[in-house]
Structure formats: C-alpha cells, structure tokens
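*Asks:* Here's a sequence, model it:
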Amino acid sequence: MSLPEERLRSERAQFGVMWIVVAVLVAWLAFGFVREPAASWPERWTVGVLALCFAAPMIGTMGYRRTLPALDGTPRRATVTGQVHFAVDPDSDSDMPAYDLIEVRVDIDGVQVDTTIADIVAAESLACFAAGSVWYVYAFEDPAELNNDDRTRVILTERHEDIIRSGYDLGAHVLHNEPGPGSDLLLRRFADDRRARKAAS
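*Replies:* Numbers count the residues shown, from 1 in each chain. Below is the predicted model of the structure:
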C-alpha cells in the first residue's frame, strides 16, 4: 500500500503528463496552419477536441488541487450516523468505482452539524466506522464552501493515520487513488496555510 506522500506525488505526476499531452496537441494544431500541406479541417477539429478533453478536467479542478478552502485546525469529535453509497450509472462509460462516504454529527461551536467525512475510506477499514463510533475531524472554516451536493465536508485528523483510504470526495472534486493509510488530503495547501498566503502575495 502506498503512503500519502506517494499518492500525492503520483497524482501530480499524472496531471503533469496530461498537461504535456495538451501542450503537444496544441503545438501540433499550431504547426498544422503553417506546414505544407496544411492540416485539413477534420484533422484540426479532431486535435482540438482531444486537447479540450484533456484540458477541461484539469482546468476545472485546478483551484482544489492548488489551494483548498481554509481549514479550522481544531480537532472535533464526530459521531458516525451512517454511510451513503455512491455508484456510477451502469449505462455510463465512466470507470469510476462505487464507494461509500461516512456521515457524522459534529459539535461545531455548540451547534450539532450533520456532515460527511471527505476521506473515501477503503473497504478494509469501513467496518471500523460503525454507527455511534467517535472519530476526530477537522472542519472547514466556511462549512458551506464545499457544499456542492447538499453535504458539507470534514477531514479525518492525523490521529487516524492507520485508516486505509482510497481517495477523497470534496463534492465538486472526487479523486480515487491507490488504497493506503494516512491522508494525502491533509498534505495539500489550504487558504489559511502560510505557504498558500506567501504564494498568493
């Protein structure tokens, strides 16, 4: 099983390769206008569509991959209330695997909030999250910022590094990777992180 750092490097390498593919396609497209004989319009359309297909998901998720919304670093007790299952439409062409998210109730400043753990817990660790079990999580400073599917998100703290994860679900952005212990999600930059503020200045 891979470590969080390895999973994060693998994801970045994958997106790096995709950008290289886009750059090659765009270069070919530009060269097609000046070469002799010039590229035909069907060729240009084909290459343009391919470049767009590679670039669109990367551009759409760029914000989440660079900097996530500000995270409240206060560990909070979360009580498991259930699980919600996500499965891809069997008639679609998607190869995204089915997965379960853990629903919890968290006390945030004296208010009981029903929310969802963003970490996608792998099958071998799901049994640990029985209803009524207590876990420690971090909440985002603005819970509604990732509320794209009527569910806010929280993240398991470092206290649970032994839990096997296979990706994360932030509502607008879902990533599946090789199962492994620990959280590559916590290795990312958040809006309140010093490095993120320095990069933005």
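*Asks:* so how far is the strand or helix carrying residue 30 from its chain's centroid?
*Replies:* Counting by DSSP states H and E, the element that carries residue 30 is helix 4-34. Here helix 4-34 is found 19 Å from its chain centre; the criterion is C-alpha atoms, centre = their mean, to the nearest Å.
*Asks:* Mind giving me the packing neighbours of it?
*Replies:* helix 41-60, strand 174-181 (3 or more C-beta pairs under 8 Å, 6 or more residues apart in numbering; DSSP states H and E). Quick note: C-beta positions are derived from backbone N, CA and C, even for glycine.
*Asks:* Switch the ones you listed over to JSON lines; also include distance to residue 6.
*Replies:* Output for the helices and strands packed on helix 4-34, formatted as JSON lines (distance: least, C-beta to C-beta, whole Å):
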{"stretch": "helix 41-60", "distance to residue 6": "21"}
{"stretch": "strand 174-181", "distance to residue 6": "7"}
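*Asks:* Point out the one among the ones you listed that comes closest to residue 73.
*Replies:* strand 174-181 (21.2 Å; C-beta to C-beta).
*Asks:* before we move on, back to that, from the helices and strands packed on helix 4-34, which stretch is densest packed?
*Replies:* Highest mean neighbour count among the helices and strands packed on helix 4-34 (mean count of other C-beta atoms under 10 Å): strand 174-181, with a mean of 16.
*Asks:* Mind giving me the packing neighbours of that one?
*Replies:* Partner elements for strand 174-181 (3+ C-beta pairs under 8 Å, 6+ apart): helix 4-34, strand 164-169.
*Asks:* Least reliable of the ones you listed by average pLDDT, please.
*Replies:* Sorting these by mean pLDDT places helix 4-34 lowest, at a mean of 77.
*Asks:* Just the C-alpha atoms of stretch 173-188, please, in CSV.
*Replies:* Taking C-alpha atoms only, stretch 173-188 is exported to CSV below (Å, rounded to 0.1, in the frame of the first residue of the first chain):
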residue,chain,number,x,y,z
HIS,A,173,-14.0,17.2,-7.0
VAL,A,174,-13.7,13.4,-6.4
LEU,A,175,-10.3,11.7,-6.7
HIS,A,176,-9.7,7.9,-6.5
ASN,A,177,-6.2,6.6,-5.9
GLU,A,178,-4.4,3.5,-4.8
PRO,A,179,-5.5,2.5,-1.3
GLY,A,180,-3.2,3.3,1.6
PRO,A,181,-3.0,4.5,5.2
GLY,A,182,-2.9,8.2,6.1
SER,A,183,-4.3,11.3,4.4
ASP,A,184,-2.8,12.9,1.4
LEU,A,185,-5.6,15.4,1.7
LEU,A,186,-4.0,17.0,4.8
LEU,A,187,-0.8,17.4,2.8
ARG,A,188,-2.4,19.9,0.5
